[in-house]
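Provide a 3D model corresponding to the input given below.
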Amino acid sequence: MGPILAQNSEIETGGEIIPQFKHIHGTGWSYIIDDLNYTQAKAFGLVLNEMDATKNWENHLINVFKSCYVHFKRKIYEKRYDDILANDMLALLTATSEVEINNLFNKIETKKPEWATFY
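Predicted coordinates:
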């Protein structure tokens, strides 16, 4: 899965289309939802670093993916899932291993299979 870019905003300069990013340009894409494959994420961060060398590639990704975290939490609260299910969903944000993530998804899938499939 490749990245999903939100709030599409681009400028055209001499026939070349250049995307705009809110954390760099003050306008443009606010956030990106991606599968966070390390190689793809790093490559994207390096492209952002070429656009704005004041931040390293990791800090650029922190800026771009931050809103994803906020929107993820907001959707969980809006749906009013029971406390145990909501806590398992939120725990995905701080999980530190693939095993922990898989265990959380397995627990979530028993109560909300469509949610686990979506994510």
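
domain parsing for the protein?
1-66, 81-113 (automatic domain parsing).

how long is the shortest one end to end?
What that stands for is domain 81-113. Using C-alpha to C-alpha, to the nearest Å, one end of domain 81-113 lies 13 Å from the other.

would you mind finding the longest helix in the protein?
helix 57-79 (DSSP state H).

give the next helix or strand downstream of that helix.
helix 83-91 (DSSP states H and E).

that following helix relative to helix 57-79, how many degrees between them?
Helix 83-91 runs at 170 degrees relative to helix 57-79, counting by axes from the mean of the first three to the mean of the last three C-alpha atoms, to 10 degrees.

contacts made by helix 83-91 with the rest, please.
73, 76, 77, 81, 100, 104, 107, 108, 111, 112, 115 (C-beta atoms under 8 Å, 6 or more residues apart in numbering). No exception for glycine: its C-beta is placed from N, CA and C like everyone else's.

and after it, which helix or strand comes next?
helix 98-111.

next one: phi and psi at residue 56?
The phi/psi pair for residue 56 (degrees, to the nearest 10) reads phi -80, psi 170.
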